[in-house]
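>>> Give me coordinates for this.
(2 chains)
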There are 2 protein chains.
Amino acid sequence: MGTGIRGARLLVVAATHGNERNAAWLLEQWSRRPELLASADLPLELVIGNPAAYAENRRYLDRDLNRSFVPSLLADPARQEREIQRARELLAAHGPEGQAPCAVAVDLHSTTSAMGNSLVVYGRRPADLALAAGIQARIGLPVYLHEADAAQTGFLVERWPAGLVIEVGPVPQGLITARIARQSQLALEAACATLAAARDRSLRLPAGLTVHVHHGSLDLPREAAAEGPGQRPSATLHPQRQGRDWWPLAPGDPLFWSPDGGVQVFDPAAAAAVEARPDPGARWPVFINEAAYGEKGIALSLTHRERLVCEPAWGEALTALMAA
Amino acid sequence: MGTGIRGARLLVVAATHGNERNAAWLLEQWSRRPELLASADLPLELVIGNPAAYAENRRYLDRDLNRSFVPSLLADPARQEREIQRARELLAAHGPEGQAPCAVAVDLHSTTSAMGNSLVVYGRRPADLALAAGIQARIGLPVYLHEADAAQTGFLVERWPAGLVIEVGPVPQGLITARIARQSQLALEAACATLAAARDRSLRLPAGLTVHVHHGSLDLPREAAAEGPGQRPSATLHPQRQGRDWWPLAPGDPLFWSPDGGVQVFDPAAAAAVEARPDPGARWPVFINEAAYGEKGIALSLTHRERLVCEPAWGEALTALMAA
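Residues are numbered from 1 along each chain as shown, chains lettered A, B, ... in the order given. Model prediction:
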């Protein structure tokens, strides 16, 4: 028996990238039939992140909305790209100081990479880690902890007091499949259950949280001496690496494949230039061959696996937000 | 030992749809390093079908180029969409009456459907069937014989004396993978070997050609009373049907899945309205959940399997084109 809608608001965003359509399709159905989503009686704001790009089935129109939540950009009146305007709109409507303020944001994404059902957390805010730990304890999702990456900033959820991305794949852009839709919903429901426990002051975190910590990204080999996403790639992912997100990458493993049959193996010395840690130990690649990352010069990102001890302060931070 | 480039020209087109990038990536490499493609010494014209859409990583700009080769459209000076202009350009350059005329066109496509490595033939021109039979005899590809579909016309290869589509999937739009690239190349090389045999008057066809003959397409269930691609789908492919291209579909098989858990099974009576044959026997679906076909109102196409006896006239027609 539900006790009625109560607690702090949860912002649920889909189609922050307009060609990631599974969650957006669900969200439209939940809007009309709320009983289809097990929301644990949380008050929800269900929002299409980038409606203009969604209408055109494109990732974005002027710039990536999920790299546009940079405070200095948002504050600069000279910046009028459509995605920056949309970021301001979302904050005005549902930001912590907005008209219908939300305490937490969950941003639903999909990827062409074989990430499975997974979470992306930005930095180490205690409330974010509590939410990720609660979801991982419920349904065991792997977590990509994105930090210390100066080239990729301005993520939506960073502008809310707490929040994370649910990232599901592999699925082509622009395509809806039952599996990806179902996985997205299961992860969101685990988030709702965790947030409701915090609201009810009954959140119990597991002993630890396993995370995969970003420490660098590798680009494809490119043709010209002047490298960068503008140049055509001379190779693609090796078939033994394609689809192997969350599998360890060892020195000497096949990494790239060229149409002339050439194979380039993983060389830690060559990767050292992009790695934030001098000796990360085993490397666990994520976002292998994500279609939208070609323009960012990312063929895959490298992580190392860490087991964090869940601290009481994490749960307290999330409870303070939700039970307020 | 090669005997030098000779015989009629073969037109090889990639990126007729600008977001199908595997073959286009290969084609650029073959242009610079012809030895990477086993072309059997055929004179080739390697062409990016829709360079403007390719540059934007979109299927098309104004309209689908591969539905624009309709003689009445091409002849109408009032029609100036960019893809119609491009179709005229391709015919002026490499059409049978063009500046560098090509006898045969092979058009390299990819799909988000699990078509594997496959061929699409339009109608039953003898030379096309000879080419398909030669490829099938060499590497065993399944053939989708598209005919009697008034809603889908104007395919590029129909404007050349012979030609077919090589269709490879599943792969997301905009993504290059080693597997899809390799499959595309193997199919094209089998086409070149078949055409070279015709050129050399040594073409021997197998006894028969197995084809899957189009007889109708099904749309997703849609929300509003006014159906059509403009309305949001209320269901997607059932997970037991997703990825099952070339598997038979029987009455009562799960077909569509709704987020409320609803399952719609295949009902031949409901399909009869779109089927060209009153009793097709077993139905073999193709192009299941192709991302680009949502706008065309196609969730999958239904075929029946036929075994055609290879006729001597087929080989004679292809030989007449290639050995001329």
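>>> mind listing what the residue of chain A found nearest chain B touches?
Here the residue of chain A nearest chain B is A:P172; by C-beta to the nearest C-beta that distance is 3.5 Å. Backbone N, C-alpha and C define where each C-beta goes, glycine included. A:P172 is in contact with A:112, A:291, B:112, B:170-173, B:175, B:291, counting by C-beta atoms under 8 Å, 6 or more residues apart in numbering or on different chains.
>>> Just list what the helix or strand that A:A137 is a member of packs against, helices and strands only.
Assigned by DSSP states H and E, A:A137 falls within helix A:126-139. Using 3 or more C-beta pairs under 8 Å, 6 or more residues apart in numbering or on different chains; DSSP states H and E as the contact definition, the elements that helix A:126-139 packs against are strand A:116-122, strand A:162-169, helix A:178-199, strand A:208-218, helix A:312-322.
>>> Which residues of the stretch 1-150 of chain A lie near chain B?
With C-beta under 8 Å from any C-beta of the partner chain as the criterion, the stretch 1-150 of chain A comes near chain B at residues A:25-26, A:28-29, A:33, A:36, A:58, A:112.
>>> Format the residues you listed as CSV; extra columns: pLDDT, neighbour count and secondary structure.
Below are those laid out as CSV (pLDDT from 0 to 100; neighbours: other C-beta atoms under 10 Å in any protein chain shown; DSSP: H, G, I helix; E, B strand; the rest coil):
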residue, pLDDT, neighbour count, secondary structure
A:W25, 97, 19, helix
A:L26, 97, 24, helix
A:E28, 95, 17, helix
A:Q29, 94, 18, helix
A:R33, 95, 11, coil
A:L36, 97, 16, helix
A:R58, 95, 18, coil
A:T112, 98, 25, coil
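>>> Widest-spaced pair of those?
The most widely separated members of these, counting by C-beta to C-beta, are A:R33 and A:T112 (29.5 Å).
>>> Run through chain A and note the low-pLDDT ranges.
Along chain A, the parts satisfying pLDDT under 70 run over A:1-3, A:225-230.
>>> can you give me the strands in it?
Counting by DSSP state E, residue ranges of the strands within chain A are A:10-14, A:44-48, A:104-110, A:116-122, A:143-146, A:162-169, A:208-218, A:236-237, A:254-257, A:263-265, A:300-309.
>>> mind checking how far A:N22 is from A:L218?
Applying C-beta to C-beta, to the nearest Å, one obtains 28 Å for the distance of A:N22 from A:L218.
>>> Looking at these two, which has the bigger crowd around it?
A:N22 (27 against 23; other C-beta atoms under 10 Å in any protein chain shown).
>>> so the more buried one touches A:R179, yeah?
No. A:N22 is beyond contact range of A:R179, at 9.1 Å (criterion: C-beta atoms under 8 Å).
>>> one step back: ok, the residues of the stretch 1-150 of chain A next to chain B vs A:S202, which is closest?
Nearest to A:S202 among these, counting by C-beta to C-beta, is A:L36 at 25.2 Å.
>>> which ones are touching that closest one?
Neighbours of A:L36 in contact, by C-beta under 8 Å, 6+ apart: A:29-30, B:259-260.
>>> of the residues you listed, buried ones?
Neighbour-count burial within the contacts of A:L36 applies to A:29-30, B:259; the criterion is 16 or more other C-beta atoms under 10 Å in any protein chain shown.
>>> Mind putting the residues you listed into TSV with distance to B:S202?
As requested, the buried ones among the contacts of A:L36 are exported to TSV (distance: C-beta to C-beta, whole Å):
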residue	distance to B:S202
A:Q29	60
A:W30	63
B:P259	57
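>>> Tell me the one of those residues nearest A:D253?
B:P259 (39.4 Å).
>>> can you tell me which residues contact that closest one?
B:P259 is in contact with A:25-26, A:29, A:36, A:181, A:185, counting by C-beta under 8 Å, 6+ apart.
>>> Export these to JSON lines and append columns for distance to B:A276.
Formatted as JSON lines, the contacts of B:P259 follow (distance: C-beta to C-beta, whole Å):
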{"residue": "A:W25", "distance to B:A276": "31"}
{"residue": "A:L26", "distance to B:A276": "35"}
{"residue": "A:Q29", "distance to B:A276": "34"}
{"residue": "A:L36", "distance to B:A276": "38"}
{"residue": "A:A181", "distance to B:A276": "32"}
{"residue": "A:Q185", "distance to B:A276": "38"}
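>>> Next, count neighbours for A:A282.
The local packing count at A:A282 equals 10, with neighbours defined by other C-beta under 10 Å.
>>> Isn't A:S258 up against A:S234?
Yes. With contact defined as C-beta under 8 Å, A:S258 reaches A:S234; the gap is 6.1 Å.
>>> Taking the chain centroid, which residue in chain A is the extreme one?
Within chain A, the residue lying farthest from the chain centre (C-alpha atoms, centre = their mean) is A:D260, at 35.1 Å.
>>> Quick check: the gap between that residue and A:P254.
A:D260 sits 15 Å away from A:P254, going by C-beta to C-beta.
>>> what does A:A148 give?
Counting by C-beta to C-beta - A:A148 and A:P254 are separated by 28 Å.
>>> List the buried residues for stretch A:260-274?
Under the neighbour-count criterion of 16+ other C-beta under 10 Å, stretch A:260-274 has A:264, A:266, A:271 buried.
>>> Kindly report the same for stretch A:66-74.
By 16+ other C-beta under 10 Å, the buried positions in stretch A:66-74 come out as A:66-70, A:73-74.
>>> circling back: sort out which one of the contacts of A:L36 lies nearest B:P142 for me.
Distance ranking of those against B:P142, using C-beta to C-beta, places B:P259 first at 32.5 Å.
>>> So which bits of the stretch 151-300 of chain A are right by chain B?
Taking C-beta under 8 Å from any C-beta as the criterion, the neighbours of chain B within the stretch 151-300 of chain A are A:170-179, A:181-182, A:185, A:232-233, A:236-239, A:242, A:257, A:259-260, A:289, A:291-292, A:294.
>>> For stretch A:163-178, measure first residue to last.
With C-alpha to C-alpha, to the nearest Å as the measure, the first residue of stretch A:163-178 is 25 Å from its last.
>>> Ok, stretch A:48-61 next?
Per C-alpha to C-alpha, the first residue of stretch A:48-61 is 15 Å away from its last.
>>> For that stretch, give me every contacting residue.
Residues outside stretch A:48-61 that contact it (C-beta under 8 Å, 6+ apart) are A:13-21, A:24, A:27, A:65-66, A:82-83, A:86, A:90, A:107, A:156, A:173-174, A:292, B:58.
>>> How many residues are close by the closest residue to A:H238 other than its chain neighbours?
Sequence neighbours aside, A:P254 is the residue nearest to A:H238 in space, at 4.0 Å (criterion: C-beta to C-beta, 6 or more residues apart in numbering or on different chains). With neighbours defined by other C-beta under 10 Å, the count for A:P254 comes to 15.
>>> I appreciate the help and will end here.
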